[in-house]
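[1] Fold the following and give me the result.
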Amino acid sequence: MPRWVSLKFGEVNARSGPGDDHRLVWVYRARNLPVQVIAETREWRKICDPEGGTAWVHRRVTSGERTALRLDRRELPLRAAPRPEAKVRARLVGMGVAGLDKCERGWCRLSAAKVKGWAPEDALWGTAEKAQCR
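    Predicted structure coming up:
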């Protein structure tokens with residue numbers, strides 16, 4: 001712990017505590033959104049979202065499939081190799097989500113729409129090793 005997961009559905013209820021009897025605090029409307037698990041019970045996960053919010057969601061609404069989010073509203077070039085001068089293969093739209101294959105030496109390989117490319121790790125949410133929320 002912490003570890004990364006993604007939201008499996010387009011609507012996910014977020015609660016103030018681990019159980020359906022806890023107050024609904026908001027609804028996530030972002031399928032594949034990367035979130036960080038910072039605490040858990042057998043059935044519930046306390047997650048941290050890209051805006052720094054924390055809430056509890058049921059384990060069945062999360063997926064172990066890793067994704068990454070471009071927090072900036074500007075497009076992010078996805079390069080053919082993990083180097084700033086490498087050819088641009090595609091562009092990830094601002095606030096876009098892509099599959100996360102791996103990260104190494106400050107670069108992450110992403111996949112979206114059958115295209116793979118490398119982007120700087122610090123341009124993405126969903127890659128940090130340390131806890132993003134408390």
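[2] Test my guess that Arg109 contacts Pro120.
    No: using C-beta atoms under 8 Å, Arg109 makes no contact with Pro120, being 11.7 Å away. All C-beta atoms are positioned from the backbone trio N, CA, C, and that covers glycine.
[3] what about the two, which has more around it?
    Of the pair Arg109 and Pro120, Arg109 is the one with more neighbours under other C-beta atoms under 10 Å, namely 20 against 15.
[4] Now do the same contact list for the closest residue to that one other than its chain neighbours.
    Among residues not flanking Arg109 along the chain, Asp101 sits closest, at 4.2 Å (C-beta to C-beta, 6 or more residues apart in numbering). Contact analysis of Asp101 by C-beta atoms under 8 Å, 6 or more residues apart in numbering lists Arg66, Cys108, Arg109, Leu110, Ser111, Lys116.
[5] Return the members of those residues classed as buried.
    Buried by 16 or more other C-beta atoms under 10 Å: Arg66, Cys108, Arg109, Leu110, out of the contacts of Asp101.
[6] The residues you listed in strands, which ones?
    Mapping the buried ones among the contacts of Asp101 onto strands (DSSP state E) picks out Cys108, Arg109, Leu110.
[7] May I see the residues you listed organised as JSON lines, with pLDDT and distance to Ser16 added?
    Formatted as JSON lines, those follow (pLDDT from 0 to 100; distance: C-beta to C-beta, whole Å):
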{"residue": "Cys108", "pLDDT": "98", "distance to Ser16": "33"}
{"residue": "Arg109", "pLDDT": "98", "distance to Ser16": "37"}
{"residue": "Leu110", "pLDDT": "98", "distance to Ser16": "33"}
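[8] Between the residues you listed, which sits nearest Ala90?
    Leu110 (9.0 Å; C-beta to C-beta).
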